[in-house]
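S.K.: quick one, structure for this:
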Amino acid sequence: MTPKKPYQNFLNNLRKAAKTIKLSPEALQRLEEPEMVHEFEVSFELDNHKKKTVPGYRVEHNSARGPYKGGIRFHPEADLDEVKALAALMSLKCGVVNIPLGGGKGGITVDPKELSRSELERMSREYFRIGTEKGIFGVDRDVPAPDVYTNPQVMAWMLDEHEKVLGYKSPGVITGKPLELGGSLGRNYATSQGGFYILMKYLQASGKKPEETTIALQGFGNAGAYFAQIAHKAGMKIVAASDSKGGIKRAKGYFESKKLNEFKKESGSLRGNFCDGDNCDLEKMRREDVETVSNEELLQLDVDVLVLAALDGVVHKDNAKKIRAKAILELANGPVTLEADEILEKENVDVLPDILANAGGVTVSYFEWVQNRSGDVWEEDVVIQKLKKVMQNSFDDLMKIKEEHDVSYRQAAFILGMERIVRAMELRGVI
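M.R.: Got it, this is the predicted structure:
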């Protein structure tokens, strides 16, 4: 596999889209580099009273359309290049779904699995305290959210630390919070619900019914599990699913989402319900009509839609030609590499890109921010109906650009997001 170069991949896609619409060099230059890059050391006390220091980042890409918005991730491989790329993609993502926010991203290079709960809390608070004291975070300036290995509890610690520094309440400074601290109903499954609405619009445009649609799902964490539930309810047929330990497929027929959840709950992994390493319970597999499948094999199944809800870079130049799905839905960030994109386009595989397909999360984060600022609390059905409208309108807007320029879904999304950001910069007189 080619080494990951996330920011270069972003730039390549950006420049390709810019060339299509003949964007001015000045406007392109503004989009190529983030407005602010913050690097700092996060020092916190371990339970043995020793100090640990880890690198922390916050990249603020573009604020022409509104305050910076984007998650904070804790990961041993998080680095500045990755955070820069994700911040830039967030700018475009907010533009694609037409919400008044810019793009940002944060991270700490750390393995959170090696930390106790109290150590995780001290690190989270220290990161956000530094960011608050430096003037990075603020309800009208930069509004983070959960990302890889962060969750509502981490957001709660960060919010509390922010308010301690300020000396007053400011719940809108962070989204993805627990409901008790101003979180929004519907936020926990917003990414999956938004992706489902995009897939439904795509199927409608393709003349295909949900009940005729077969799905292979890679990734059965929060996004994957919720998507399975939503898709199954709509009549779609999930013929295979996997997590980090491998996957399972139906020998005949398809899975009910409830059954997949049971498998995952019973053993902690889908494959683990039937196999311990290479030793598999063949009788149980026969009884449940299940066959095992590796993550790589799942990618190559002959299905209508391959849903990628796990890691980045899983479809690359070495396996792209083996993809037999007619379409790919990117619920994860960056699961298809730039080289794979070009191969899939030649093979007539439609890729519904992450900056559209997984934008349900940031959209409901925006709704949470709005509720916090107004002091209002919306009912769950109100949140979901608003999300549906945003996602459907975004797909329609993207399709106009796709048809006008005869480009891929990803390039259409880049153009859509780019044009909205550039227009905001022009109105401000920045360019």
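
S.K.: could you pull up the mean pLDDT of stretch 156-171?
M.R.: Stretch 156-171 comes out with an average pLDDT of 98.

S.K.: list the buried residues of that stretch.
M.R.: Residues 156-159, 161-162, 170-171 are the ones in stretch 156-171 that count as buried (16 or more other CB atoms under 10 Å). Using the backbone N, CA and C atoms, a C-beta is placed for each residue, glycine as well.

S.K.: in those residues, find the pair that's most separated.
M.R.: The span of these, defined through CB to CB, is set by Trp157 and Ser170 at 14.7 Å.

S.K.: related to what we said a few turns ago, in a markdown table, list the buried residues of stretch 156-171 along with secondary structure and distance to Lys69.
M.R.: As requested, the buried residues of stretch 156-171 are exported to a markdown table (DSSP: H, G, I helix; E, B strand; the rest coil; distance: CB to CB, whole Å):
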| residue | secondary structure | distance to Lys69 |
| --- | --- | --- |
| Ala156 | helix | 19 |
| Trp157 | helix | 20 |
| Met158 | helix | 15 |
| Leu159 | helix | 15 |
| Glu161 | helix | 19 |
| His162 | helix | 16 |
| Ser170 | coil | 16 |
| Pro171 | helix | 15 |
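
S.K.: what is the nearest of these to Arg117?
M.R.: Of all the buried residues of stretch 156-171, Trp157 has the smallest distance to Arg117: 10.4 Å, by CB to CB.

S.K.: apart from its neighbours in sequence, what residue is nearest Val370?
M.R.: Leaving aside its chain neighbours, Val370 sits nearest to Asp376 (7.9 Å; criterion: CB to CB, 6 or more residues apart in numbering).

S.K.: how near is that neighbour to Lys386?
M.R.: From Asp376 over to Lys386 the distance is 13 Å, taken as CB to CB, to the nearest Å.

S.K.: neighbour count: these two, which is higher?
M.R.: Taking neighbours as other CB atoms under 10 Å, Asp376 and Lys386 compare with Lys386 leading, 17 against 8.

S.K.: enumerate every residue touching that one.
M.R.: 367, 378 (CB atoms under 8 Å, 6 or more residues apart in numbering).

S.K.: just the element for it, please.
M.R.: Counting by DSSP states H and E, the element that carries Lys386 is helix 380-405.

S.K.: now swap in Leu203 and tell me
M.R.: helix 190-206.

S.K.: convert that helix to CSV, retaining C-alpha atoms only.
M.R.: C-alpha atoms of helix 190-206 as CSV (Å, rounded to 0.1, in the frame of the first residue of the first chain):
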residue,chain,number,x,y,z
ALA,A,190,-26.9,11.5,13.1
THR,A,191,-24.0,10.4,10.9
SER,A,192,-25.7,7.1,10.0
GLN,A,193,-29.1,8.8,9.5
GLY,A,194,-27.6,11.4,7.2
GLY,A,195,-25.7,8.8,5.2
PHE,A,196,-29.0,6.9,4.8
TYR,A,197,-30.8,9.9,3.4
ILE,A,198,-28.0,10.4,0.9
LEU,A,199,-28.1,6.7,-0.1
MET,A,200,-31.9,6.9,-0.5
LYS,A,201,-31.6,9.9,-2.8
TYR,A,202,-28.9,8.1,-4.8
LEU,A,203,-31.1,5.0,-5.2
GLN,A,204,-34.1,7.1,-6.2
ALA,A,205,-31.9,8.8,-8.9
SER,A,206,-30.7,5.4,-10.0
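
S.K.: after that helix, which helix or strand is next?
M.R.: From helix 190-206 onward toward the C-terminus, using DSSP H and E, the following helix or strand is strand 214-218.

S.K.: so for the helix or strand containing Lys264, what gets flagged as buried?
M.R.: Taking DSSP H and E as the definition, Lys264 sits inside helix 257-267. Judged by neighbour count (16+ other CB under 10 Å), helix 257-267 contains these buried residues: 257, 259-261, 263-264.

S.K.: closest to Pro353 among these?
M.R.: Of all these, Ser257 has the smallest distance to Pro353: 24.7 Å, by CB to CB.

S.K.: who are the contact partners of the closest one?
M.R.: For Ser257, the contact set (CB under 8 Å, 6+ apart) comprises 225, 228-229, 231-233, 238.

S.K.: just Asp304 next, same as before
M.R.: Asp304 makes contacts with 208, 212-215, 325-327, as judged by CB under 8 Å, 6+ apart.

S.K.: roughly how far does Asp142 sit from Gly183?
M.R.: On the measure of CB to CB, Asp142 and Gly183 end up 19 Å apart.

S.K.: once you drop chain neighbours, what's closest to Gly56?
M.R.: Leaving aside its chain neighbours, Gly56 sits nearest to Val42 (4.2 Å; criterion: CB to CB, 6+ apart).

S.K.: now Lys19: how far from His405?
M.R.: For Lys19, the distance to His405 - CB to CB - is 11 Å.

S.K.: count of neighbours near Glu149?
M.R.: Just so we're on the same page, residue 149 is Tyr rather than Glu. For Tyr149, the neighbour count with other CB under 10 Å is 19.

S.K.: residues in contact with it?
M.R.: 73-75, 112-113.
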